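Enquirer: sequence and predicted structure below; questions after.
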Amino acid sequence: MSEEIGYEQARDQLVEVVRELETGGLSLEQSLALWEKGEHLTKVCERHLEGARERIEAALKSVEDENGDEG
């Protein structure tokens, strides 16, 4: 994947991968391919969540710094 997909799209695809794996009836190769796709999608979601966490922490620090300057 050259361009990373958004969090919601990755999450939705991951849900579909899990659904397909739970349904069963796939060959070993198909199951492994889906598992690998799921691993990739999980990493994409984790990167998005980590980025969001960093942005929130930076925003909170900024607010704390502003409030500290007033005192």
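Expert: All right, it came through fine.
Enquirer: name the element residue 22 belongs to?
Expert: Using DSSP states H and E, residue 22 sits in helix 7-23.
Enquirer: now for the helix or strand that that helix is followed by, which elements pack on it?
Expert: Scanning forward in sequence from helix 7-23 by DSSP H and E, the next helix or strand is helix 28-70. Applying 3 or more CB pairs under 8 Å, 6 or more residues apart in numbering; DSSP states H and E, one finds that helix 28-70 makes contact with helix 7-23. The C-beta positions use only the backbone N, C-alpha and C, and glycine is treated the same way.
Enquirer: by how many degrees do the helix it packs on and helix 28-70 diverge?
Expert: Inter-element angle recorded for helix 7-23 and helix 28-70: 150 degrees (by axes from the mean of the first three to the mean of the last three CA atoms, to 10 degrees).
Enquirer: can you list the buried residues in helix 7-23?
Expert: 7, 10, 11, 13, 14, 17, 20 (16 or more other CB atoms under 10 Å).
Enquirer: send over that helix as PDB, restricted to the C-alpha atoms.
Expert: What follows is helix 7-23 as a C-alpha-only set of coordinates in PDB (Å, rounded to 0.1, in the frame of the first residue of the first chain):
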ATOM      1  CA  TYR A   7      -8.300   4.800  10.600                       C
ATOM      2  CA  GLU A   8     -12.000   4.200  10.000                       C
ATOM      3  CA  GLN A   9     -11.300   2.400   6.700                       C
ATOM      4  CA  ALA A  10      -8.600   0.300   8.200                       C
ATOM      5  CA  ARG A  11     -10.900  -0.600  11.100                       C
ATOM      6  CA  ASP A  12     -13.800  -1.600   8.800                       C
ATOM      7  CA  GLN A  13     -11.500  -3.700   6.700                       C
ATOM      8  CA  LEU A  14     -10.100  -5.400   9.800                       C
ATOM      9  CA  VAL A  15     -13.700  -6.200  11.000                       C
ATOM     10  CA  GLU A  16     -14.300  -7.800   7.600                       C
ATOM     11  CA  VAL A  17     -11.100  -9.800   7.800                       C
ATOM     12  CA  VAL A  18     -12.100 -11.200  11.200                       C
ATOM     13  CA  ARG A  19     -15.600 -12.000  10.000                       C
ATOM     14  CA  GLU A  20     -14.100 -14.000   7.000                       C
ATOM     15  CA  LEU A  21     -11.700 -15.800   9.200                       C
ATOM     16  CA  GLU A  22     -14.400 -16.700  11.700                       C
ATOM     17  CA  THR A  23     -16.700 -17.900   9.000                       C
END
